[in-house]
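Novice: quick one: sequence plus predicted model below, questions after.
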Amino acid sequence: MIKLNAHKYSVSAMCRVLKVNRNTYYYEAKPQAIDNSVEEAIVKIFNNNQCLWNSEDKSRTEKA
């Protein structure tokens, strides 16, 4: 709403009328740093144990 009317009214006046802090209007979230180490560890564990999971699945289907 504020962006749509910024050409007509000042941002500070609209924020005051709408009871919104100007900081909230101008705030931009910073992108968070991505830690790939956790994902890499999960993929490594999955790949190392995939043959075990596959063999369990085969033994279950053979018993059924």
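Specialist: Right, received. Where do you want to start? Numbers count the residues shown, from 1 in each chain.
Novice: only C-alpha atoms from now on, for both contacts and neighbour counts.
Specialist: OK.
Novice: low-confidence stretches in the chain?
Specialist: Scanning the chain for pLDDT under 70 picks out 53-64.
Novice: which SS class is the spatially most central residue of it?
Specialist: Note on the chain: the residue nearest the mean C-alpha position is Gln32, at 9.3 Å, using Cα atoms, centre = their mean. What DSSP: H, G, I helix; E, B strand; the rest coil gives for Gln32 is coil.
Novice: also Val20?
Specialist: Put simply, Val20 is coil when judged by three-state DSSP.
Novice: and the nearest residue to Ser12 once chain neighbours are set aside, how many residues sit next to it?
Specialist: The shortest distance from Ser12 to any non-neighbouring residue, by Cα to Cα, 6 or more residues apart in numbering, is to Arg22 (6.6 Å). By the criterion of other Cα atoms under 10 Å, Arg22 has 14 neighbours.
Novice: Arg22 against Cys15, yeah?
Specialist: Yes: Arg22 is within contact range of Cys15, at 6.1 Å (criterion: Cα atoms under 8 Å).
Novice: list of residues touching stretch 4-12?
Specialist: Here stretch 4-12 makes contact (Cα atoms under 8 Å, 6 or more residues apart in numbering) with Ile2, Arg22.
Novice: and for Tyr9, the neighbour number?
Specialist: 12.
Novice: how close does Asn21 get to Tyr27?
Specialist: Distance from Asn21 to Tyr27, counting by Cα to Cα, to the nearest Å: 10 Å.
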